[in-house]
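> pasting the sequence and the predicted model now:
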Amino acid sequence: MNFAKLIKTTVVSASLVLLSASSSVFAQNTSVTLLNVSYDPTRELYVDFDSAFSKYWKNKTGQDVVIKQSHGGSGKQARSVIEGLDADVVTLGLAGDIDAIHNHGNLIPADWQKRLPHNSSPYTSTIILVVREGNPKGIKDWDDLAKPGISVITPNPKTSGGARWNYLAAWEYAKRKYGSEAKAKEFVQALYKNVPVLDTGARGSSVTFAQRRQGDVLIAWENEAYLLEKEFGDKVDVIYPSISILAEPPVAVVDKNVDRKGTRQVAQAYLEYLYTDEGQEIIGRNFYRPTSEKAKAKYSKQYPKLTLFTIDEAFGGWTKADKDHFADGGSFDQIYLKK
Amino acid sequence: MTTSFFHSHSSSTKLRVLPGFKLTLGFTLFYLSLIVLIPLSALIFKTFSISWDQFITAVTSERVVASYKLTFGASLIAALVNAVFGLLIAWVLVRYDFFGKKIIDALIDLPFALPTAVAGISLTALLTSNGWVGQYTEKLGVQLAFNPNGIVIALIFIGLPFVVRTVQPVLEDAEKELEEAATCLGATRIQTFTRVIFPSIAPALLTGFAMAFARAIGEYGSVIFIAGNMPLVSEITPLIIIGKLEQFDYAGATSVAVVLLAFSFMMLLTINALQTWQRKLTGAAL
């Protein structure tokens, strides 16, 4: 009797397992998972954007799409993808990191940046300054940062993509103002003498500045600066320098991965959706600069005009800038070593 | 451990009382290769992708050398501090009974269990110029966070359990009768400690010291938040390695790692040798 009962339960539970297994196979047919490997400051942006895209995709195709996000330092994220992280799309901090995915992993073609509008950058950003409430040290522009007695917070360019933008923005400002590369180097050297802490990433520096209350001024991504103002509104002020760098964080489909997983269509649509009116609206709302004329006009008040230069025109592209400034023996090493 | 292996190896042809030697040794070697040796050899192979000159340049540049000094110096100081205070704590926990002893005993393991990043962030919050502790030390002119002081403090934090947990069981096993005999024979309290107790726990203390030291050399998570990471001043070697990886300089990163590994291995060997020598000296039958 008991034995028969045992067999019965076994059969029932086994068929239940089979049933649930088959239903999960069934479910896989109607839903798709995308992995978006991104960099640190885009967390809030993609939380917003992903939910909008899954609604849009469901309406359009009837398919459920689940988007998984991975965030971290831009270079580290690129390395993870090269080493096998199954990213369908990458949305990183600088083109150099996606170039690396071509150079070191050959997961995407060399001309990836031509595949989407605006150099594959659906949003742009820039580097600005954040000071303590009321700006007690009277900081107005880059040259105030190199004055004695000012303490500046910025991350380490060796480990942080954001820090490289900061460094290059200061460099180009000085080059234009004082007229030579040598003068620019002196300026940057004086500026980094004022830096007491070099965190490993942009978020780390924000925390050091806002929560640990270190330093008089933080050099930060524009979106990071607004997030700080949102969170610590009564304690910090945002300052626009006269000139800064145009950051174009690019996006790309990772060809080898989407072809293997069969997700190219949805991955492509995901990135293209960033360029639509709704995508651009979400971008503007999350403190990135939209690229479409319509959204630009709408957000023109939020993002004051300032002179912006690109890395290509000022430094001849990322590869060259990396080699000249951040590789071993580059200008960043030189300003710290005794002569 | 190494010495006992060689001893048993020399007599492996004899019939053993305990069966299963070949099987267990085979498994040990296989397991060690899988978990330790293969990753390490991958590290060394990667390093061989660059020439000797490139290797030397990568591992001897001014910033890298400054980071070795900092990493080994701070680790040594932290391990020494832990050796002294870890011994004291182990002593208190073994020899005295008091209210809340169990809780304190459990607290010791916390640095093991806590994610190192959490440790780093909380220590930084505590020690910066507006932290609970930092605001007072700052007034006295001592800055604890964002300089080498912070690194040493973080390393003391993560290394403490190693010393306590290695010394504790040995202290527990130490025979009280020996101390009593020493006292009866006219030894002063200090003599009893230095001549009787200390020699019996010294090997365990050395082991604890070595483990705390080795752990400190490789520590990244807890240090990085508090160090300040200034080139030549407060950049630890693991940060240099991360920095090189960040620039896709894999070979440069592994080169520095190999140097770090070689140093650590030499130190551990020296400490092992010291232990053997010390055991011979005291004639401990361990």
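That came in fine, so what should we check first? These numbers come from a predicted model, not from an experiment.

> now the residue of chain A found nearest chain B: how far from residue B:241?
Per CB to the nearest CB, residue A:158 is where chain A lies closest to chain B, at 3.7 Å. Backbone N, C-alpha and C define where each C-beta goes, glycine included. Distance, residue A:158 to residue B:241, by CB to CB, to the nearest Å: 11 Å.

> do the same with residue A:122
34 Å.

> hmm, back to that, residue A:158 and residue B:241: who's more crowded?
residue A:158 (27 against 21; other CB atoms under 10 Å in any protein chain shown).

> for that one, which non-adjacent residue is spatially closest?
Excluding the flanking residues, the one nearest residue A:158 by CB to CB, 6 or more residues apart in numbering or on different chains is residue B:243, at 3.7 Å.

> ok, residue B:132 next?
Closest to residue B:132 by CB to CB, 6+ apart is residue B:126, at 5.5 Å.

> quick one: residues contacting residue 165.
Going with chain A. With contact set as CB atoms under 8 Å, 6 or more residues apart in numbering or on different chains, residue A:165 has these partners: A:94, A:127, A:221, A:245, A:247.

> wait, chain B
So residue B:165 contacts B:108-109, B:208 (CB under 8 Å, 6+ apart).

> against residue B:67, how distant is the residue in the stretch 101-250 of chain B that chain A sits nearest to?
Here the residue of the stretch 101-250 of chain B nearest chain A is residue B:243; by CB to the nearest CB that distance is 3.7 Å. Distance from residue B:243 to residue B:67, counting by CB to CB: 10 Å.

> who has more neighbours, the two?
Counted by other CB under 10 Å, residue B:243 and residue B:67 do not tie: residue B:243 has more neighbours, with 28 against 25.

> let me see the mean pLDDT of the one helix or strand that one maps to.
With elements taken from DSSP states H and E, the one containing residue B:243 is helix B:237-246. Across helix B:237-246, pLDDT averages out at 89.

> cool, and stretch A:277-285?
Stretch A:277-285 comes out at a mean pLDDT of 94.

> which residue sits closest to residue A:142, ignoring its sequence neighbours?
Once chain neighbours are set aside, the closest to residue A:142 by CB to CB, 6+ apart is residue A:173, at 4.3 Å.

> can I assume that neighbour is in contact with residue A:146?
No. Residue A:173 is beyond contact range of residue A:146, at 10.2 Å (criterion: CB atoms under 8 Å).

> need the residues touching each of these two.
What both residue A:173 and residue A:146 touch, as defined by CB under 8 Å, 6+ apart, is the set residue A:187.

> same drill for those two, tell me which one is more crowded.
Neighbour comparison, residue A:173 and residue A:146: the larger count goes to residue A:173, with 25 against 19 (by other CB under 10 Å).

> just say helix, strand or coil for that one.
helix (DSSP: H, G, I helix; E, B strand; the rest coil).

> on that earlier part again, show me what contacts the residue of chain A closest to chain B?
Taking CB under 8 Å, 6+ apart as the test, what residue A:158 contacts is A:326, A:332, B:243, B:246-247.

> gap between it and residue A:166?
13 Å.

> quick one: name the residues of the stretch 1-150 of chain B near chain A.
Residues of the stretch 1-150 of chain B found near chain A (CB under 8 Å from any CB of the partner chain) are B:58, B:61-63, B:124-125, B:128-131, B:145-146.

> list the contacts of residue B:161.
B:108-112.

> one more: residue B:239?
Residue B:239 touches A:159, A:200, B:67, B:220, B:224, B:227, B:229, counting by CB under 8 Å, 6+ apart.

> from the chain's centroid, how far away is the strand or helix carrying residue B:200?
Element membership of residue B:200, judged by DSSP H and E, is helix B:198-218. For helix B:198-218, the separation from the chain centroid amounts to 7 Å (computed by CA atoms, centre = their mean, to the nearest Å).

> go on, stretch A:242-249?
14 Å.

> ignoring the adjacent residues along the chain, who's closest to residue A:90?
Nearest to residue A:90 is residue A:37, by CB to CB, 6+ apart, at 5.0 Å.

> burial count for residue A:224?
22.

> wait, what's in contact with it?
By CB under 8 Å, 6+ apart, the neighbours of residue A:224 are A:41, A:162, A:202-203, A:206.

> just give me the neighbour total for residue 169.
Since no chain was named, I'll use chain A. 25.

> meant chain B actually
12.

> tell me which helix or strand it sits in.
Going by DSSP H and E, residue B:169 is part of helix B:148-173.

> any chance you could list what contacts stretch B:28-47?
Counting by CB under 8 Å, 6+ apart, B:55, B:250-251, B:254-255, B:257-258, B:261 sit against stretch B:28-47.

> ranking these by neighbours, who comes first?
For the contacts of stretch B:28-47, neighbours tallied by other CB under 10 Å; top is residue B:255, 28 neighbours.

> that one touches residue B:55, doesn't it?
Yes. Counting by CB under 8 Å, residue B:255 touches residue B:55, with 5.1 Å between them.

> could you check how far residue B:75 is from residue A:120?
In terms of CB to CB, residue B:75 sits 45 Å off from residue A:120.

> neighbour-wise, which of the two wins?
Set residue B:75 next to residue A:120 and count neighbours by other CB under 10 Å: residue B:75 wins out with 26 against 20.

> quick check: nearest residue in space to that one, chain neighbours excluded?
In space, residue B:75 is closest to residue B:216, 3.6 Å off (CB to CB, 6+ apart).

> residues in contact with that neighbour?
Contacts of residue B:216 (CB under 8 Å, 6+ apart): B:74-75, B:78-79, B:155, B:158-159.

> so where is chain A shaky, pLDDT-wise?
A:1-29, A:338-339 (pLDDT under 70).

> which non-adjacent residue is nearest residue B:236?
Nearest non-adjacent residue to residue B:236 (CB to CB, 6+ apart): residue B:71, at 4.9 Å.

> dump the contacts of residue B:216 to TSV, plus pLDDT.
Formatted as TSV, those follow (pLDDT from 0 to 100):
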residue	pLDDT
B:74	96
B:75	95
B:78	96
B:79	96
B:155	95
B:158	93
B:159	94
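
> widest-spaced pair of the residues you listed?
Pairwise distances across the contacts of residue B:216 peak at 11.8 Å for B:74 and B:158 (criterion: CB to CB).

> and chain A, which residues reach chain B?
Counting by CB under 8 Å from any CB, chain A sits next to chain B at A:73, A:75-76, A:79, A:100, A:103-104, A:156, A:158-159, A:195-200, A:204, A:211-214, A:322, A:326-329, A:333, A:336-337.

> give the contact list for the residue nearest to the spatial centre of chain B.
Centroid-nearest residue in chain B, with CA atoms, centre = their mean: residue B:212, separated by 2.0 Å. Counting by CB under 8 Å, 6+ apart, residue B:212 touches B:78-79, B:82-83, B:86, B:159-160, B:162-163.

> weed out the non-buried ones from those.
B:78-79, B:82-83, B:86, B:159-160, B:162-163 (16 or more other CB atoms under 10 Å in any protein chain shown).

> now residue A:49: how far from residue A:286?
8 Å.

> more neighbours: these two, which one.
Neighbour totals were compared for residue A:49 and residue A:286, and residue A:49 leads with 25 against 20 (other CB under 10 Å).

> what's the closest non-adjacent residue to the more buried one?
Using CB to CB, 6+ apart, the closest residue to residue A:49 is residue A:282 (5.0 Å).

> what's next to the host helix or strand of the one you found, contact-wise?
Using DSSP H and E, the element containing residue A:282 is helix A:277-285. With CB under 8 Å, 6+ apart as the test, helix A:277-285 has contacts from A:45, A:48-49, A:52-53, A:56, A:122-123, A:273-274, A:289-292, A:294-295, A:298-299, A:302.

> show me how to select, in PyMOL, the buried members of those residues.
With 16+ other CB under 10 Å as the burial test, the buried ones among the contacts of helix A:277-285 are selected in PyMOL as follows:
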select buried, chain A and resi 45+49+53+56+122+123+273+274+289+290+291+292+295+299
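
> narrow the contacts of helix A:277-285 to those in strands?
A:123, A:289-290 (DSSP state E).

> between the residues you listed, which sits nearest residue B:26?
Of those, the one sitting nearest to residue B:26 (CB to CB) turns out to be residue A:123, at 58.5 Å.
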